[in-house]
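K.L.:
take a look and give me a structure for this.
(2 chains)
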Amino acid sequence: MILCSGGAYAAPQVDKYSFLSYTVLKPNVGVGSLDKTNSSDSFYVLLAVKWSYLLDDQLGISSRPNGLADTSPVSLETRPLVYPNPFSLSDGAVLGYRLSRNADVEIRIFDIRANQIFKQRYDAGAYGGIGNTYNKLSINRSIFGGYDLPAGIYFFVISSEGRVIGKGKFAVVPK
Amino acid sequence: MGDFSRKFLGITALWVVMVSVILGADYDMLTDLGSSAETISRGNVEGFNFTASGMFENPASLAKIENASVGLFMTTLMDEAAYNNLALATRTPFGVIGFGYAETSVVDNPITAQDGNGEYFVTDTFDYRQGILRAAYADYLLPNICFGVSFSQYFNNFGNIKAAGANFDIGITFDRPDVSLSGFIRNFSPNSAIAFDNGNGTKSYEVIPTEFVMSGKWMMSTSFTVFGELTSRNHGNLYAGALQFSPNEFQDLQINGGYRQFYVLDKIKGGITLGVSLTLLGVKASYAYEKIEDHPQYDSKNYFSVSINL
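P.N.:
Now for the predicted structure:
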């Protein structure tokens, strides 16, 4: 998709596909062609491309060329929640969250004494790491190795790229 | 073998068999965290806390309170789970009696529902509380042997889900000039359960685990004391040990370092504990530190306790 928004610095038209030419609105210059090898132009090129991808992500369009990753910080677009809550492990529950984009994600669960009892990594674009989709992960006895958790409160932490992007808690009651 | 001996052996054998057939999930014991910063800093080796807070450990240790004692303990883990306890004990003509309350709470837990798109949202919140109400009694059997017993009323509250159960601990301590030994059974009555009323007419149960806790303390010198403990629970053993240093010139200061093992699910893990206690004007203030493993946001547990022995 071609980005059609701008401001003082940016550029309504960017050819992301060929990467051979860029048309960018530069301040005090107006519309003109940019040379991506020119250091003075590179800032506007990157800015325009980045904004273009952000708009694509919002519209759910995948037009990013192979090999060029979205470097915007990943975030959660909704509060991560477990449903139902409280629940018994034999019935199970589901952790739901929506990522701003595809990202490697790590989920950890801690007991009430801050001991880690579960850790799982989900790859970007795969189950658990899909952007713009409501990811749903099962919480049941099997993820704890068949162990029956005692009734109580447990805490989950969602992290990505070395940052905590969300956390929450859930309650387990016996069956 | 006398009549009494046969009866005693029979009752003991029956009790051991009952303990060995524990079924179902174990209730999460609030006391697993520890009940005073001083004890936690010593690897949570229990039985040598001679303040009112000792009732959450070996109840026999209360016998060493001369007049009266108050103990207070607090910590918050991960900015969410608040642990607090308060204990009071006083000597009477019949021995030392004490009362205590320990609680952990987590507030604002979401109650969730699902919308038409399959996404979840919060409909309400509830507060979680888990507590122990405890009454204890202890006294000297002999000049160097103390005996104690405590009764515990356990409860949980998850909004409209409520749980309750009861059990009792018994303990004994033995003292020599440089060595002290402690032994107690936590939740002496085997297979007793916490009954959960699920709020919809159904009930479920968790077993209150029985623990055997044996510990020792050896005063190597006026400055150094060594502690060790063996806890047996669910056919597994947990070990703990600690070293305490008190400068000769200032015995009111104690610097502690220890190691303790604990269960995480059904696996045994271990960790270092550190801490310091300072007694001034009869008030003992203690701090303990323990590292949190693997949490991306929090790296330590910090415990605080204050006690006054009159």
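
K.L.:
and the strands in chain A?
P.N.:
Ranges of strands in chain A, per DSSP state E, are A:13-14, A:22-26, A:30-34, A:81-83, A:93-98, A:105-110, A:116-122, A:134-139, A:152-160, A:163-172.

K.L.:
can you list the residues of the stretch 51-200 of chain B near chain A?
P.N.:
When proximity is defined as Cβ under 8 Å from any Cβ of the partner chain, the stretch 51-200 of chain B approaches chain A at B:77-78, B:80-81, B:104, B:106, B:109-114, B:117-122, B:126, B:128, B:130, B:156, B:158-159, B:161, B:163, B:194, B:196, B:198. No exception for glycine: its C-beta is placed from N, CA and C like everyone else's.

K.L.:
what's the spacing between B:S189 and A:L76?
P.N.:
Using Cβ to Cβ, to the nearest Å, B:S189 is found at 47 Å from A:L76.

K.L.:
and A:I143, by the same measure?
P.N.:
20 Å.

K.L.:
how about B:G183?
P.N.:
For B:G183, the distance to A:L76 - Cβ to Cβ - is 51 Å.

K.L.:
same thing with B:N198?
P.N.:
Look at B:N198 and A:L76: by Cβ to Cβ, they are 31 Å apart.

K.L.:
related to what we said a few turns ago, which ones among the residues of the stretch 51-200 of chain B next to chain A are found in strands?
P.N.:
Among these, the ones falling in strands (DSSP E) are B:77, B:81, B:104, B:106, B:109-114, B:120-122, B:126, B:128, B:130, B:156, B:158, B:161, B:163, B:194, B:196.

K.L.:
isn't B:G148 right next to B:K64, touching?
P.N.:
No - look at B:G148 against B:K64 with Cβ atoms under 8 Å: they stay out of range, at 10.1 Å.

K.L.:
looking at the two, which is more packed in?
P.N.:
Ranked by neighbour count (other Cβ atoms under 10 Å in any protein chain shown), B:G148 and B:K64 place B:G148 first, with 26 against 20.

K.L.:
where does that one fall, secondary structure wise?
P.N.:
Using DSSP states H and E, B:G148 sits in strand B:145-158.

K.L.:
what mean pLDDT does that strand have?
P.N.:
Mean per-residue pLDDT for strand B:145-158: 95.

K.L.:
now that strand and strand B:193-197, what's the angle there?
P.N.:
Per axes from the mean of the first three to the mean of the last three Cα atoms, to 10 degrees, the angle that strand B:145-158 makes with strand B:193-197 is 20 degrees.

K.L.:
dump the strands of chain A into TSV; add mean pLDDT, distance to chain B and mean neighbour count as well.
P.N.:
Below are the strands of chain A laid out as TSV (pLDDT from 0 to 100; distance: least, Cβ to the nearest Cβ, whole Å; neighbours: other Cβ atoms under 10 Å in any protein chain shown):
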stretch	mean pLDDT	distance to chain B	mean neighbour count
strand A:13-14	38	33	21
strand A:22-26	43	38	19
strand A:30-34	46	40	12
strand A:81-83	96	4	23
strand A:93-98	96	5	21
strand A:105-110	96	6	23
strand A:116-122	95	4	15
strand A:134-139	95	5	18
strand A:152-160	96	4	22
strand A:163-172	95	5	20
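
K.L.:
low-scoring stretches of chain B, by residue?
P.N.:
By pLDDT under 70, the low-scoring segments of chain B are B:1-24.

K.L.:
tell me where it has helices.
P.N.:
With DSSP state H, the ranges of helices along chain B come out as B:3-20, B:37-41.

K.L.:
right, is the shortest one up against chain A?
P.N.:
No - Helix B:37-41 lies apart from chain A when judged by Cβ under 8 Å from any Cβ; the minimum separation is 11.5 Å.

K.L.:
now for that helix, which elements pack on it?
P.N.:
strand B:253-264, strand B:267-280, strand B:283-291, strand B:300-309 (3 or more Cβ pairs under 8 Å, 6 or more residues apart in numbering or on different chains; DSSP states H and E).

K.L.:
quick one: closest of the ones you listed to A:L149.
P.N.:
strand B:253-264 (11.2 Å; Cβ to Cβ).

K.L.:
can you give me the buried ones in that closest one?
P.N.:
With burial defined by 16 or more other Cβ atoms under 10 Å in any protein chain shown, the residues of strand B:253-264 counted as buried are B:254, B:256-263.

K.L.:
what sits against the nearest residue to A:V82 once chain neighbours are set aside?
P.N.:
Leaving out its chain neighbours, the residue that sits closest to A:V82 by Cβ to Cβ, 6 or more residues apart in numbering or on different chains is A:F170, at 3.9 Å. Going by Cβ atoms under 8 Å, 6 or more residues apart in numbering or on different chains, A:F170 touches A:82, A:85-87, A:93, A:95, A:139, A:153-154, A:156, B:109.

K.L.:
what of A:L99?
P.N.:
For A:L99, the contacting residues are A:74-77, A:105, A:129-133, A:135, A:160, by Cβ under 8 Å, 6+ apart.

K.L.:
now the residues you listed in TSV, with distance to B:V179?
P.N.:
Putting the contacts of A:L99 into TSV (distance: Cβ to Cβ, whole Å) gives the following:
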residue	distance to B:V179
A:V74	59
A:S75	59
A:L76	57
A:E77	63
A:V105	54
A:G129	58
A:I130	63
A:G131	64
A:N132	67
A:T133	65
A:N135	58
A:S160	54
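
K.L.:
could you flag which of the residues you listed are buried?
P.N.:
Among the contacts of A:L99, the ones that count as buried by 16+ other Cβ under 10 Å are A:74, A:76, A:105, A:129-131, A:135, A:160.

K.L.:
with distance to B:S232 added, can I get those residues in a markdown table?
P.N.:
Converted to a markdown table, the buried ones among the contacts of A:L99 look like this (distance: Cβ to Cβ, whole Å):
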| residue | distance to B:S232 |
| --- | --- |
| A:V74 | 47 |
| A:L76 | 44 |
| A:V105 | 40 |
| A:G129 | 44 |
| A:I130 | 47 |
| A:G131 | 50 |
| A:N135 | 43 |
| A:S160 | 42 |
